[in-house]
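1. Sequence plus predicted model, see below.
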Amino acid sequence: MPPLLRLERVTKSYHSGEAPAIVPLNDVDLELREGERIVLLGKSGSGKTTLLNLVAGVDSPTSGRIFFDGREITGLSQEELAWYRRREIGFIFQSFNLFPTLTVGENVMLPLDLLGASDRTRGRDILAAVDLDGQWTKYPEQLSGGEQQRVAIARALVKEPRLILADEPTGNLDLETGNAILQLIDRVCHSRNATLIMATHSVDALWLAPRRYRLRGGKLLEE
């Protein structure tokens with residue numbers, strides 16, 4: 001089976017005046033097949049979010065190439081990248097990133113609305129899958145932190161993306177709630193055969209994926 005995602009010698013560097021270049025990623029290679037999962041470890045500032053942004057097409061590598069389903073995304077136009085993100089990528093953030101003026105249902109439906117494929121039945125089904133059935137008309141501020149993260153997961157999954165990128169998804173939660181969120185991510189990824197890259201600094205998430213990598217000095221090291 002060919003890889004769903006492939007990074008070939010990807011480097012990302014940042015330059016600021018005469019200061020030495022910052023190189024969060026240096027000559028990184030990675031392959032992921034459909035349904036595979038990896039946990040990406042590293043301290044804050046090690047390049048985890050940079051790698052996720054490159055995979056999502058939010059940022060461009062300084063050198064190297066990134067392929068999704070055999071297509072090189074590093075050569076796509078901004079319009080093509082926007083469609084790639086809308087269709088193929090599901091984001092789960094540490095800060096939830098819900099729109100406070102939208103109801104739970106409206107937040108969940110937003111990715112489908114952007115695709116022109118609004119389907120309230122699918123939205124209600126995914127809310128039920130994350131154990132929030134009946135919360136459709138509430139607003140984010142009426143929910144606990146763990147419930148808001150469940151809404152964020154539902155929003156990421158409602159369009160049935162093939163690749164889920166989770167950036168410290170339990171970072172703002174207590175240990176018990178964080179573990180419940182990890183179990184939820186495990187369950188929904190398994191049911192949809194989704195590919196997962198989860199960036200975290202927490203060893204409590206290691207059980208979620210059989211493959212673990214650590215970013216150190218710009219290098220991606222398999223543990």
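-> Here it is on my side, so go on. Everything quoted here is computed from the prediction, not taken from an experiment.
2. All the helices of the protein, residue numbers only.
-> Assignment of helices within the chain using DSSP state H yields the ranges 48-55, 78-88, 104-115, 120-129, 145-157, 175-192.
3. Mean pLDDT and distance to Ser63 added to those, as CSV?
-> (Each C-beta comes from the backbone N, C-alpha and C, glycine too.) As requested, the helices of the chain are arranged in CSV below (pLDDT from 0 to 100; distance: least, C-beta to C-beta, whole Å):
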stretch, mean pLDDT, distance to Ser63
helix 48-55, 94, 11
helix 78-88, 92, 18
helix 104-115, 91, 31
helix 120-129, 87, 38
helix 145-157, 90, 30
helix 175-192, 86, 31
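4. Need these in TSV (columns: mean neighbour count).
-> Formatted as TSV, the helices of the chain follow (neighbours: other C-beta atoms under 10 Å):
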stretch	mean neighbour count
helix 48-55	22
helix 78-88	15
helix 104-115	20
helix 120-129	17
helix 145-157	23
helix 175-192	16
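5. between those, which one is nearest to Glu36?
-> Distances from Glu36 to each of those were compared by C-beta to C-beta, and the smallest falls on helix 175-192, at 10.1 Å.
6. Using CSV, list the CA coordinates for the closest one.
-> Only the C-alpha atoms of helix 175-192 are listed here, as CSV (Å, rounded to 0.1, in the frame of the first residue of the first chain):
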residue,chain,number,x,y,z
LEU,A,175,-5.5,14.7,33.7
GLU,A,176,-8.8,12.8,33.9
THR,A,177,-10.6,14.9,31.2
GLY,A,178,-7.5,14.7,29.1
ASN,A,179,-7.4,10.9,29.3
ALA,A,180,-11.1,10.8,28.3
ILE,A,181,-10.3,13.0,25.3
LEU,A,182,-7.5,10.7,24.2
GLN,A,183,-9.8,7.7,24.5
LEU,A,184,-12.3,9.5,22.3
ILE,A,185,-9.8,10.3,19.7
ASP,A,186,-8.7,6.7,19.7
ARG,A,187,-12.3,5.5,19.3
VAL,A,188,-13.3,7.9,16.5
CYS,A,189,-10.0,7.3,14.5
HIS,A,190,-10.5,3.6,14.7
SER,A,191,-14.1,3.7,13.6
ARG,A,192,-13.2,5.9,10.6
